[in-house]
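Undergrad: This is a predicted model, with the sequence first.
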Amino acid sequence: MRPLRILTWHIHGSYLYYLTQAPHEFYLPVKPGRPEGYGGRLRGIPWADNVHDVEAESVSQLDFDCILFQSRRNYEIDQYEILSEQQRSLPRIYLEHDPPREHPTDTRHPVNDPNVLLVHVTHFNDLMWNSGASPTRVIEHGVMVPESVRYTGELDRGLVVVNGLKARGRRLGADVFDRVSGQVPLDLVGMGAEQMGGLGEVLHQDLPAFQSRYRFFFNPIRYTSFGLAVCEAMMVGMPVIGLATTEMVTVVENDVSGYVDTNINRLVERMQMLLQHPQEAMRLSAAARRTAQERFSMQRFIHDWHNAFNSVTGGVQKLSPVVPRSVTGGLV
């Protein structure tokens, strides 16, 4: 049976890359200057041939099986600018990447439609949003890293991976990073990292090998979804240190795969201990990778998304044994 033709916007590049491992055709609208949501196949990611850039002004003339929204702007503005009336009645999914911002428990999701499937990326998000009449399901992250990359931890430093940390402030833990980096040697990478004394951006395809040499991964984020960067670090085998908030507490097990706490002083003590005892970091590494393989496998992720697409389109497509498209390039 033919693959589904899915229109979606480029909102989170690394997530989109993993999503497009599914055996369907994905179409990304592009506008001149590539403004937010219209970046298409941006550089630094090895896109497969099932991902297509399309001019936004031509979208209304194309045939699709499903529309996948990934932001409030997509749902409230973009669909009315680039989709035809007929396209707006196609099967629709809204992928919610984040927990509610306005109020952590009482915020009504912008989608309140029994005909739109609302997909949350964590159970924490599903718990906190008031999803109204929208049917919901949770599809946890799936990630892959090169088979040849494994944790070594030879650098006596920790690594932080956050895009735009300075601009995103307290929610993403800019102040936490400042506080901890004064006591523990940390390197910050990500877009705009230089603004906080960091090293700058590391391309997604280069990040696994880059981070594998660091002793541990530190996640300073107070309140967001469970980050792909954490999943990827664990898949490499990095011990994770982070705040005991959101979905983190269900993934990182203390003294097994890393350490989480709401007491920053205790986290600093744990980081200093791992810097002094690399053998302890290596012990945590094995469990971190095992957890990632069990919980964030691409096979499970692709199956979950395939089932979601089938559920809204009424399809009966069968999924062959899953081989993520980039496995042939050494990714697992």
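TA: Looks like it came in fine.
Undergrad: ranges for the helices of this protein?
TA: 13-19, 72-73, 79-82, 123-128, 165-168, 174-181, 207-211, 228-236, 248-251, 264-276, 278-295, 298-313 (DSSP state H).
Undergrad: To Tyr38, which of the ones you listed lies closest?
TA: Among these, helix 79-82 comes nearest to Tyr38, with 9.1 Å by CB to CB. Glycine gets a C-beta too; all of them are placed from N, C-alpha and C.
Undergrad: pLDDT of that closest one, averaged?
TA: The average pLDDT within helix 79-82 is 97.
Undergrad: Name the residues of it that are buried.
TA: By neighbour count, with 16 or more other CB atoms under 10 Å as the criterion, the buried positions of helix 79-82 are 79, 82.
Undergrad: Nearest residue to Ala209 in space, please, no chain neighbours.
TA: The shortest distance from Ala209 to any residue that is not its chain neighbour, by CB to CB, 6 or more residues apart in numbering, is 5.1 Å, and that residue is Val149.
Undergrad: Tell me how far that neighbour lies from Leu68.
TA: Distance, Val149 to Leu68, by CB to CB, to the nearest Å: 30 Å.
Undergrad: who's more crowded, those two?
TA: The neighbour comparison of Val149 against Leu68 (other CB atoms under 10 Å) goes to Leu68, with 26 against 19.
Undergrad: That one contacts Leu90, correct?
TA: No. The pair Leu68 and Leu90 fails to qualify as a contact (CB atoms under 8 Å) at a distance of 10.4 Å.
Undergrad: Now do the same for stretch 250-259: mean pLDDT, whole number.
TA: Average pLDDT, stretch 250-259: 97.
Undergrad: Contacts for it, please.
TA: Outside stretch 250-259, the residues that touch it by CB atoms under 8 Å, 6 or more residues apart in numbering are 123-124, 216-217, 226, 230, 234, 239-242, 260-261, 266-267, 270, 284, 287-288, 290-291, 295.
Undergrad: List the residues that contact the residue nearest to Phe309 when sequence neighbours are not counted.
TA: For Phe309, ignoring the flanking residues on the chain, the nearest one in space by CB to CB, 6+ apart is Leu4 at 5.6 Å. Under the criterion of CB under 8 Å, 6+ apart, the neighbours of Leu4 are 24-25, 65-66, 309, 313, 315, 317.
Undergrad: same thing but 6 Å
TA: The neighbourhood of Leu4, defined by CB atoms under 6 Å, 6 or more residues apart in numbering, consists of 24, 65-66, 309.
Undergrad: Over to Arg73?
TA: Arg73 sits next to no residue when contact means CB under 6 Å, 6+ apart.
Undergrad: which one is Gly314 nearest to, not counting chain neighbours?
TA: Beyond its immediate neighbours in the sequence, the residue positioned closest to Gly314 (CB to CB, 6+ apart) is Pro91, lying 7.7 Å away.
Undergrad: Would you mind measuring from the one you found to Ile67?
TA: Taking CB to CB as the measure, Pro91 and Ile67 are separated by 7 Å.
Undergrad: neighbour count winner among the two?
TA: A direct count of neighbours by other CB under 10 Å for Pro91 and Ile67 places Ile67 higher, at 23 against 20.
Undergrad: what about the stretch 1-150 of the chain, any weak spots by pLDDT?
TA: Counting by pLDDT under 70, the stretch 1-150 of the chain shows low-confidence ranges at 1.
Undergrad: if we go to 90?
TA: Across the stretch 1-150 of the chain, residues meeting the criterion (pLDDT under 90) sit at 1-2, 42-45.
Undergrad: show me where it has strands.
TA: Under the criterion DSSP state E, counting those that start in this stretch, strands of the stretch 1-150 of the chain are mapped to 5-8, 25-30, 51-55, 66-69, 92-96, 116-120, 136-138.
Undergrad: and those strands as JSON lines, adding distance to Glu154?
TA: Rendered in JSON lines, the data for those read as follows (distance: least, CB to CB, whole Å):
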{"stretch": "strand 5-8", "distance to Glu154": "40"}
{"stretch": "strand 25-30", "distance to Glu154": "39"}
{"stretch": "strand 51-55", "distance to Glu154": "36"}
{"stretch": "strand 66-69", "distance to Glu154": "41"}
{"stretch": "strand 92-96", "distance to Glu154": "38"}
{"stretch": "strand 116-120", "distance to Glu154": "38"}
{"stretch": "strand 136-138", "distance to Glu154": "37"}
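Undergrad: Tell me which of those lies nearest to Glu194.
TA: strand 25-30 (27.9 Å).
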